[in-house]
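> give me coordinates for this.
(one chain, ligands or ions: 1)
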Amino acid sequence: MAEKERLAMFCYQCSQTVRGTGCTVKGVCGKVPTVARLQDNLILTTKGMAAYLYHARELGYTDPEIDAFLERAFYATFTNVNFDAADLVRLAVEAGEMNVRTMRLLKKAHIETYGEPEPTEVQTGTIKGHGIIVTGHGLKALGALLEQTEGTGINVYTHSELLPAHGYPGLKRYKHLVGNLGKAWFDQKKLFSKYPVAILGTSNCVLIPREEYRERMFTTGPTRLPGVRHIDGYDYTPVIEKAQSLPELDEEPGEVVLTTGFSKSVVLSLKDKIKQLVEAGKIRHFFLVGGCDSPHKKAGYYREFVRLLPQDTIVLTLACGKFRINDLNLGNIEGIPRLIDLGQCNDSIVAIDIAQALAELFGVGINELPLTLVLSWMEQKAVAILWSLLALGIKGIYLGPILPAWVNDDILKVLRESYDLRLIGDPEEDIKQILGA
Ligand code: FSO
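Below is the predicted model of the structure:
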């Protein structure tokens, strides 16, 4: 069925059925109908889950229940099968629950393959020698590349969501995994132009390359780019040969040293100390600040927000949104770091487990904890994580810098009334509101 007919049939906004030239992609009333938006939401959520599942499967971890749900959820986005807005919301919540299960599966895959992360300092400059920059989320591809480059004199650098790889014992043991270059995914054109090394893209968030580095870029796994050589499987010989044919990088110390690798076990090993500091009034509040970053100009909010937080607060962070804040020196509260990097976006499961463990420790519900989530949004996997948080009953989440594209006034009303979802505003005002100061 043509898109405009589908929208006309689903148009609950104007209660009219308009066909033909009267109905545009936006609907006759200028709005995309709620049911179509809820279907879009489900498509986006299943896309996010599929990405996490892919990386779990490539490490040998699968779950038939998740596969069965994906099939059902994806079918529900089809035309002429589910016209029920309430059921599509119910399915979104179920998708959130299934995404918790998916992130847990991927975490298990990562830990059982590479060990549980440990706090690790990561350099942000270059050292003399040939180099390869690896971008994306794919730990398996990075692990294989590290194994194949050992002893070749090539230095391997991570970019963006591969920064947390430095915390995994099975990866950090490679001495030629020497640092992280750049920040979130959207700096890659500038970054890859700047460093004349080979580049390997392992997952989503690769951009169409500039001509100047196209021939030294490679993709692997699900990633493909026009005019860029794709490596099937995990034999990265062409990447290694390319790196060796390119000039050596010079020694150039980075401006900051980043720390990543705070696992659930590491954070929970500090729980008695954390409890004592909370009870003594030395830790007033915890924040989770992170998510999928975008080049939106309002995204500067997140750095300002963290910069303005009082000294008696702790910030947990994850995903590429962390690059807004992870160079800030927030110090510590009696040995507990004030900035704790939990890992990739899929490591939201670590944040969830920590929040649940803290709630148990304090004998309260998760919403009674002195914890506020301040998330940055981009229309990709973030949606799967948002529904996971909502499915767990977490309320009062701050979201920005823009609303999800599938939200309209009706959906926003439901999200506000049921989950107290809030939009970011002015950082100072938001902090006052959260801390009641
Ligand atoms: Fe960021 Fe990209 Fe990982 Fe997202 S690098 S934006 S959809 O992949 O989730 O944090």
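> around the ligand, pick out the residues from this structure.
For the chain, the residues in contact with the ligand (CB under 6 Å from any ligand atom) are 160-161, 185, 204-205, 292, 319-320, 344-345, 378, 380-382. C-beta: built from backbone N, CA, C; applies to glycine.
> specify which member of these is nearest to I111.
Q344 (12.9 Å; CB to CB).
> helix, strand or coil for L412?
Per DSSP: H, G, I helix; E, B strand; the rest coil, the secondary structure class of L412 is helix.
> mind starting the numbering at 23 from now?
Got it, the first residue is 23 from now on, which makes the last one we talked about L434.
> can you give me the neighbour number for it?
14 (other CB atoms under 10 Å).
> ok, now how distant is it from P231?
L434 sits 37 Å away from P231, going by CB to CB, to the nearest Å.
> make CSV from the residues of the chain next to the ligand and add secondary structure, distance to I154 and pLDDT to it.
Conversion of the residues of the chain next to the ligand to CSV gives the following (DSSP: H, G, I helix; E, B strand; the rest coil; distance: CB to CB, whole Å; pLDDT from 0 to 100):
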residue, secondary structure, distance to I154, pLDDT
S182, helix, 15, 98
E183, helix, 16, 98
W207, helix, 18, 97
N226, coil, 20, 94
C227, coil, 18, 95
C314, coil, 25, 93
A341, coil, 23, 97
C342, helix, 20, 97
Q366, coil, 20, 98
C367, helix, 23, 97
M400, coil, 26, 81
Q402, coil, 25, 79
K403, coil, 25, 88
A404, helix, 29, 90
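> and the residue nearest the centre of the chain, how far from S398?
The centroid of the chain falls nearest to C367 when counting by CA atoms, centre = their mean (2.7 Å). Going from C367 to S398 by CB to CB gives 11 Å.
> give the residues shared as contacts by those two.
Counting by CB atoms under 8 Å, 6 or more residues apart in numbering, the contacts common to C367 and S398 are 313-314, 404.
> most neighbours among these, which one?
Going by other CB under 10 Å, G313 tops the shared contacts of C367 and S398 with 29 neighbours.
> that residue and P426, how far apart?
Taken as CB to CB, the span from G313 to P426 is 12 Å.
> need the overlap of contacts for those two.
399, 404.
> my read is that the residue nearest to the centre of the chain contacts A404, right?
Yes. Using CB atoms under 8 Å as the test, C367 is close enough to A404 to be in contact (7.4 Å).
> any residues in contact with both of the two?
Common contact partners of C367 and A404 (CB under 8 Å, 6+ apart): 313-314.
> the longest helix belonging to the chain: which residues count as buried?
Longest helix in the chain, counting residues (DSSP state H): helix 107-136. For helix 107-136, the neighbour count (16 or more other CB atoms under 10 Å) marks 107, 110-111, 113-114, 116-118, 120-122, 124-129, 131-133, 135-136 as buried.
> and the residue in the stretch 123-272 of the chain positioned nearest to the ligand, how many neighbours?
Residue of the stretch 123-272 of the chain nearest the ligand, by CB to the nearest ligand atom: C227 (3.4 Å). Neighbour count of C227, defined by other CB under 10 Å: 24.
> same check, this time on T281
Counted with other CB under 10 Å, the neighbours of T281 add up to 17.
> helix, strand, or coil at it?
Classified using three-state DSSP, T281 is strand.
> give me the distance between it and the ligand.
Going from T281 to the ligand by CB to the nearest ligand atom, to the nearest Å gives 18 Å.
> do I have it right that that residue meets D363?
Yes. Between T281 and D363 there is a contact under CB under 8 Å: 6.4 Å.
> run the chain-centre distance for stretch 373-383.
Put simply, stretch 373-383 sits 20 Å off its chain's centre (CA atoms, centre = their mean, to the nearest Å).
> ok, residues contacting that stretch?
122, 286, 289-290, 293, 296-297, 308, 310, 338, 340, 364, 387-388, 390-391, 393, 410-411, 414, 416.
> who are the contact partners of W207?
By CB under 8 Å, 6+ apart, the contact set of W207 is 157, 182-183, 227-229, 315, 342.
> and for T394?
Counting by CB under 8 Å, 6+ apart, T394 touches 307-310, 418, 420, 456.
> could you rerun that using 7 Å?
If you count contacts by CB atoms under 7 Å, 6 or more residues apart in numbering, T394 has them with 307, 309, 418, 420, 456.
> quick one, which of those are buried?
Counted by 16+ other CB under 10 Å, the contacts of T394 give 307, 309, 420, 456 as buried.
> among those, which are located in helices?
I456.
> for N351, see how far away R329 is.
From R329 to N351 the distance is 11 Å (CB to CB).
> more neighbours, the two?
Using other CB under 10 Å, the more surrounded residue of R329 and N351 is R329, with 11 against 7.
> just the helices in the stretch 123-272 of the chain please.
Ranges of helices within the stretch 123-272 of the chain are 161-171, 191-194, 210-216, 233-236, 259-267, based on DSSP state H, counting those that start in this stretch.
> follow-up on the earlier one: now, which of the contacts of stretch 373-383 lie within helices?
When DSSP H is applied, those are split such that 122, 286, 289-290, 293, 296-297, 410-411 fall in helices.
> is L184 in contact with K162, as I believe?
No. Using CB atoms under 7 Å as the test, L184 is too far from K162 to be in contact (11.6 Å).
> more crowded one of the two?
L184 (26 against 21).
> tell me the contacts of the more buried one?
With CB under 7 Å, 6+ apart, L184 has these contacts: 156-158, 164.
> from those, which two are the most distant?
The most widely separated members of the contacts of L184, counting by CB to CB, are T157 and L164 (9.8 Å).
> give me the common contacts of those two.
184, 224.
> for L60, see how far away D109 is.
Counting by CB to CB, the gap from D109 to L60 is 9 Å.
> same check, this time on F105
Taking CB to CB, one finds F105 at 10 Å from L60.
> over to E273?
On the measure of CB to CB, E273 and L60 end up 54 Å apart.
> hmm, back to that, of the ones in helices among the contacts of stretch 373-383, which is the most crowded?
Neighbour-wise, those (other CB under 10 Å) top out at S410, 26 neighbours.
> contact partners for the nearest residue to H132 once chain neighbours are set aside?
Leaving aside its sequence neighbours, H132 sits nearest to L161 (CB to CB, 6 or more residues apart in numbering; 5.9 Å). By CB under 7 Å, 6+ apart, the contact list for L161 reads 132, 136, 187.
> reformat these as a markdown table; add pLDDT and distance to D334.
Putting the contacts of L161 into a markdown table (pLDDT from 0 to 100; distance: CB to CB, whole Å) gives the following:
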| residue | pLDDT | distance to D334 |
| --- | --- | --- |
| H132 | 98 | 33 |
| Y136 | 99 | 35 |
| A187 | 98 | 32 |
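> in JSON lines: those, plus distance to K69.
Below are the contacts of L161 laid out as JSON lines (distance: CB to CB, whole Å):
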{"residue": "H132", "distance to K69": "21"}
{"residue": "Y136", "distance to K69": "25"}
{"residue": "A187", "distance to K69": "23"}
